[in-house]
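Student: this one's sequence-less:
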């Protein structure tokens with residue numbers, strides 16, 4: 001019996017030009033001084049490609065095939081405010097003083113926001129609070 005991997009191949013680079021234009025623009029806008037430590041291009045069997053970018057400061061950003069961000073993890077540092085939808089920023093500022101958003105993940109149905117005190121909040125795509133994620 002053989003196991004099939006979901007990946008056709010992975011390619012590694014440090015060249016921003018290997019990213020889609022939208023991803024390059026995102027890095028220039030939100031992480032202008034950050035140096036790219038590694039870009040991993042995941043080519044899946046169904047021709048879907050995504051990109052994992054690790055900056056030298058440890059921040060990891062995942063991009064979809066089109067170059068839209070799907071996850072930004074600043075490893076304990078604050079996620080740039082303009083990445084976070086205003087309604088989510090407002091909710092966190094109002095209900096969780098003295099914490100920063102250190103990670104944000106966007107799926108097809110929700111946002112997951114991790115705070116510097118390790119609390120993870122779930123919001124719908126309109127930025128309305130839904131729940132606190134409990135770790136099992």
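Tutor: Received, thanks. All of these numbers come straight from a predicted model, not from anything done at the bench.

Student: could you pull out the buried residues of the helix or strand hosting residue 29?
Tutor: Residue 29 is part of helix 21-30 when elements are defined by DSSP states H and E. Residues of helix 21-30 classed as buried: 23, 26, 27, 30 (neighbour count, 16 or more other CB atoms under 10 Å). Placement of C-beta: from N, CA and C, glycine included.

Student: likewise stretch 96-112?
Tutor: 96, 99, 100, 101, 102, 103, 104, 105, 106, 111.

Student: and if you look at stretch 86-93?
Tutor: Neighbour-count burial for stretch 86-93, counted by 16+ other CB under 10 Å, picks out 88, 89, 91, 92.

Student: now render those as TSV, adding distance to residue 76, secondary structure and pLDDT.
Tutor: Formatted as TSV, the buried residues of stretch 86-93 follow (distance: CB to CB, whole Å; DSSP: H, G, I helix; E, B strand; the rest coil; pLDDT from 0 to 100):
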residue	distance to residue 76	secondary structure	pLDDT
88	19	helix	97
89	18	helix	96
91	21	helix	97
92	16	helix	97
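
Student: and which of those residues is nearest residue 124?
Tutor: residue 88 (10.1 Å; CB to CB).

Student: once you drop chain neighbours, what's closest to that closest one?
Tutor: Closest residue to residue 88 apart from its sequence neighbours, by CB to CB, 6 or more residues apart in numbering: residue 127 at 4.8 Å.

Student: residues touching the one you found, list them.
Tutor: 85, 86, 87, 88, 91, 111 (CB atoms under 8 Å, 6 or more residues apart in numbering).

Student: ok so it is a helix residue?
Tutor: No - assignment of residue 127 by DSSP: H, G, I helix; E, B strand; the rest coil gives coil, placing it outside any helix.

Student: which elements pack onto the strand or helix carrying residue 102?
Tutor: Using DSSP H and E, residue 102 sits within strand 101-106. Secondary-structure packing of strand 101-106 (3 or more CB pairs under 8 Å, 6 or more residues apart in numbering; DSSP states H and E): strand 69-73, helix 86-95, strand 110-115.

Student: let's see 6 Å
Tutor: strand 69-73, strand 110-115 (3 or more CB pairs under 6 Å, 6 or more residues apart in numbering; DSSP states H and E).
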